[in-house]
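K.L.:
fold the following.
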Amino acid sequence: MSDRQLKDERGRTGCRVLNPDPDFWENGFPVWAICGPQVRMTLDVDDVLFFTPTVAGSNAARLKTHLCTGYLTVSEIVTTDAALIADDRFTNRYRRNYRIDLQVHLKDDCPRTRIQRPRNVIIGDPKRSAWLGQNGVRLAEALQQGGLRDIQLNARVIRALASDEVARLLAAIRKLRASARALS
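P.N.:
Numbers count the residues shown, from 1 in each chain. So this is what the prediction gives:
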C-alpha cells in the first residue's frame, strides 16, 4: 500500500491540496478546512464526521471495501478564512498552504461553492477524534455491529445519522479498532 495513512494531498487521488484535508497531523488538533464545503456548512459543535477514502484513494491503496479511515468530533467552527489565517493556533506553514489551497479551489468552484468554501472551517476535539488510515475499520462491519443495517454504502455521502446512531457507530468503530489492535 503506497499511502498507509490514506491522506488526501497534492498529487494524490485527484485532490490538489498542499495540506491534507482533513489534517490530523500539523496543528495538534484535527482540521477540516477545504473539502466538503456544503457538509461543513451543516455542522455544529459536537457533531461527528466519519471519513472514508475517495474511490480513487481506495483504488490506489488496493482497498476492496469501504473503510472508515477516521472520525472527527467538532469542537469549534472557525467561521471565515480570514479568521483561520489570523489564528496563531495554526502553524505558519498550515496557514500559508491553506491560503494557496483555498485560492486553487476557488478558481474552479461554481458561484455557490465559491461562497461556502472559505467558511466554517472545522476544528476537531483531539481527544474525541482519531485518524486510523489503513488501520481503519471496515465500514460495513461497523454499521452492522452498530445495528445500522439501512445505510447504503454506494453513495458518495451517506445520509445524516441521528445522534443515537452516531453514538452506536462510533462505539462500534472504537470496539473494532481495539479488537484489531489486540490481535496485532
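K.L.:
alpha carbons only for contacts and neighbour counts from here, please
P.N.:
Will do.
K.L.:
what helix or strand is Ala182 on?
P.N.:
helix 163-183 (DSSP states H and E).
K.L.:
then Ile122 would be within a helix, right?
P.N.:
No: using DSSP: H, G, I helix; E, B strand; the rest coil, the secondary structure at Ile122 is strand, not a helix.
K.L.:
I'd like the distance between Ala83 and Pro53.
P.N.:
For Ala83, the distance to Pro53 (Cα to Cα, to the nearest Å) stands at 28 Å.
K.L.:
actually Trp131, not the one I wrote
P.N.:
12 Å.
K.L.:
which residues are common contacts for those two?
P.N.:
Residues touching both Trp131 and Pro53 (Cα atoms under 8 Å, 6 or more residues apart in numbering): Thr69.
K.L.:
before we move on, the earlier item: looking at Ala83 and Pro53, which has the bigger crowd around it?
P.N.:
Pro53 (22 against 13; other Cα atoms under 10 Å).
K.L.:
report pLDDT for that one.
P.N.:
pLDDT, Pro53: 74.
K.L.:
that one contacts Gly70, correct?
P.N.:
No: applying Cα atoms under 8 Å as the test, Pro53 and Gly70 come out as separate, 9.5 Å apart.
K.L.:
next, Arg159: phi, psi?
P.N.:
Backbone torsions of Arg159, given as degrees, to the nearest 10, read phi -60, psi 160.
K.L.:
I'd like the next helix or strand past the helix or strand of the chain with the lowest mean pLDDT.
P.N.:
In the chain, the helix or strand scored least confidently by mean pLDDT, DSSP states H and E is helix 55-60, which has a mean of 64. Moving toward the C-terminus from helix 55-60, the next helix or strand (DSSP H and E) is strand 67-68.
K.L.:
which strands or helices does that following strand pack on?
P.N.:
strand 137-138 (3 or more Cα pairs under 8 Å, 6 or more residues apart in numbering; DSSP states H and E).
K.L.:
report the inter-axis angle for the longest strand along the chain versus helix 163-183.
P.N.:
Assignment by DSSP state E gives strand 70-78 as the longest strand of the chain. Here strand 70-78 runs at an angle of 130 degrees relative to helix 163-183 (axes from the mean of the first three to the mean of the last three Cα atoms, to 10 degrees).
K.L.:
for strand 70-78, list the C-alpha coordinates in PDB.
P.N.:
The C-alpha coordinates for strand 70-78 follow below in PDB (Å, rounded to 0.1, in the frame of the first residue of the first chain):
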ATOM      1  CA  GLY A  70     -11.000   8.500  10.700                       C
ATOM      2  CA  TYR A  71     -13.600  10.300  12.800                       C
ATOM      3  CA  LEU A  72     -13.700  13.900  13.900                       C
ATOM      4  CA  THR A  73     -15.800  15.300  16.700                       C
ATOM      5  CA  VAL A  74     -16.400  19.100  16.100                       C
ATOM      6  CA  SER A  75     -15.100  21.200  18.900                       C
ATOM      7  CA  GLU A  76     -15.100  24.600  17.200                       C
ATOM      8  CA  ILE A  77     -16.100  26.200  13.900                       C
ATOM      9  CA  VAL A  78     -13.900  29.000  12.500                       C
END
